[in-house]
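**Q** Here is my input, please return the structure:
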Amino acid sequence: MKGFTLLELILVMVIISTVLAMAAPSLRGFFSSRKTHDAAANILSLIRFARSQAITEGHTYRLNFDSDKGIYWLTSNEEGAFDMLNNEFGREFLLPDDTTVELEKEDNKKGAEKYISFFPQGRAETGTITLTDRSGDEIEIISPSPAEEYRILESEETET
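**A** Below is the predicted model:
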């Protein structure tokens, strides 16, 4: 009867645990990066929802950002005031830890509220939403013109 000795099994376990210990730090960065990608996908989903709802309902929608608190949320202009929505999209969404958000628009003034508006005619304010994770990797969500859809650019695409 052939088999492995206890010493051989222990030696294999030591080798496997050494390899895992060396790989663990790089895996930690992978998971935090994934959270930032998920947040970008969620923002893009909210943008698409806001645009379609603005067209359907004939109300102006806004995607709001608070970079100090790391939150974003949707509001709708009904009866002359922007209020949070009364559905599953009507809540504050939290960015992952160590992820920052910046919004650049042509008409942004210092101290002004940070939001992107979506209008009933199907147009939207142009802008660039930049998410930066703890390692400095950036994901941009951009719309170059009011009639174009927002889309996600990875950091490799922004460098070229």
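**Q** Ser145 - how many residues pack around it?
**A** For Ser145, the neighbour count with other CB atoms under 10 Å is 8. C-beta coordinates here come from the backbone N, C-alpha and C atoms, glycine included.
**Q** I should have written Ile139 there, sorry.
**A** Residues near Ile139, counting by other CB under 10 Å: 23.
**Q** Quick check: mean pLDDT of the helix or strand containing it?
**A** Assessed by DSSP states H and E, Ile139 sits inside strand 138-143. Confidence over strand 138-143 (mean pLDDT, whole number) is 92.
**Q** what bits of the protein have low per-residue confidence?
**A** 1, 26-33, 107-113, 155-160 (pLDDT under 70).
**Q** following the strand holding Ile139, which helix or strand shows up next?
**A** strand 151-153.
**Q** List of residues touching that following strand?
**A** Residues from elsewhere that reach strand 151-153, judged by CB atoms under 8 Å, 6 or more residues apart in numbering: 40-41, 44, 139-143.
**Q** filter these to the buried ones?
**A** For these, a burial check counting by 16 or more other CB atoms under 10 Å picks out 40, 44, 139-143.
**Q** Dump these to TSV, plus distance to Glu92.
**A** Putting the buried ones among the contacts of strand 151-153 into TSV (distance: CB to CB, whole Å) gives the following:
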residue	distance to Glu92
Ala40	17
Leu44	17
Ile139	20
Glu140	22
Ile141	18
Ile142	23
Ser143	23
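**Q** what's around Asn87, how many residues?
**A** If you count neighbours by other CB under 10 Å, Asn87 ends up with 10.
**Q** Does it belong to a helix, a strand or coil?
**A** coil (DSSP: H, G, I helix; E, B strand; the rest coil).
**Q** measure it to Glu57 for me?
**A** Here the criterion is CB to CB, to the nearest Å. By it, Asn87 lies 12 Å from Glu57.
**Q** Then Thr132?
**A** With CB to CB as the criterion, Thr132 and Glu57 are 34 Å apart.
**Q** Then Thr5?
**A** 73 Å.
**Q** what's the answer for Arg91, then?
**A** Arg91 sits at a distance of 19 Å from Glu57 (criterion: CB to CB).
**Q** And for Leu44?
**A** 20 Å.
**Q** ok, now Ala147?
**A** Using CB to CB, Ala147 is found at 19 Å from Glu57.
**Q** Strands along the protein, start to end?
**A** 61-66, 71-78, 81-84, 93-94, 100-104, 114-118, 127-132, 138-143, 151-153 (DSSP state E).
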